[in-house]
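Trainee: Okay, sequence plus prediction incoming.
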Amino acid sequence: EVQLVESGGGLVQAGESLRLSCTTSGVTFEDYVIGWFRQAPGKEREGVSSIRKNDGNTYYSDSVKGRFTISRDSAENTVYLQMNNLKPEDTAAYYCAATNRAINVAAMRVGKYDYWGQGTQVTVSS
């Protein structure tokens with residue numbers, strides 16, 4: 001059974017940093033993509049960043065490019081999202097998700113991902 005568990009959310013002030021972790025278990029696919037999504041109240045869930053297991057190829061949405069960095073630790077089965085220079089508009093519930101479909105890392109559509117974590121809240125005060 002594939003499981004994803006997020007951690008690392010919290011309350012910070014604008015300009016500060018947080019690092020989110022997504023620890024996976026039960027993932028036996030030859031290749032897969034881990035994506036970070038976020039959902040603010042009253043808004044649709046949007047893709048933020050993703051990384052492919054085999055080649056490490058990454059994607060960032062325009063709203064976080066240059067501020068967020070995604071990375072993976074294969075030994076720990078963990079994917080990280082380092083978030084710097086946080087803004088109030090980054091406030092949302094953050095979810096990690098996995099897909100073993102042969103998709104481009106930039107194809108961050110909710111329907112393309114089959115496995116989801118429970119989410120972790122990030123709140124950025126101004």
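Mentor: Structure's in. What do you need? Numbers count the residues shown, from 1 in each chain.
Trainee: CA only for contacts and neighbour counts going forward, please
Mentor: Noted.
Trainee: Flag the shaky bits of this protein, pLDDT-wise.
Mentor: By pLDDT under 70, the chain has no low-scoring segment.
Trainee: For it, which segments are assigned as strands?
Mentor: Remark: strands assigned in the chain by DSSP state E are 3-7, 10-13, 18-25, 33-39, 46-52, 58-60, 68-73, 78-83, 92-99, 115-116, 120-125.
Trainee: Tell me the helices and strands packed up against the shortest one.
Mentor: Counting by 3 or more C-alpha pairs under 8 Å, 6 or more residues apart in numbering; DSSP states H and E, the packing neighbours recorded for strand 115-116 are strand 3-7, strand 92-99.
Trainee: could the strands of the chain be laid out in JSON lines, adding mean neighbour count?
Mentor: Formatted as JSON lines, the strands of the chain follow (neighbours: other C-alpha atoms under 10 Å):
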{"stretch": "strand 3-7", "mean neighbour count": "20"}
{"stretch": "strand 10-13", "mean neighbour count": "15"}
{"stretch": "strand 18-25", "mean neighbour count": "20"}
{"stretch": "strand 33-39", "mean neighbour count": "24"}
{"stretch": "strand 46-52", "mean neighbour count": "24"}
{"stretch": "strand 58-60", "mean neighbour count": "21"}
{"stretch": "strand 68-73", "mean neighbour count": "18"}
{"stretch": "strand 78-83", "mean neighbour count": "20"}
{"stretch": "strand 92-99", "mean neighbour count": "24"}
{"stretch": "strand 115-116", "mean neighbour count": "18"}
{"stretch": "strand 120-125", "mean neighbour count": "20"}
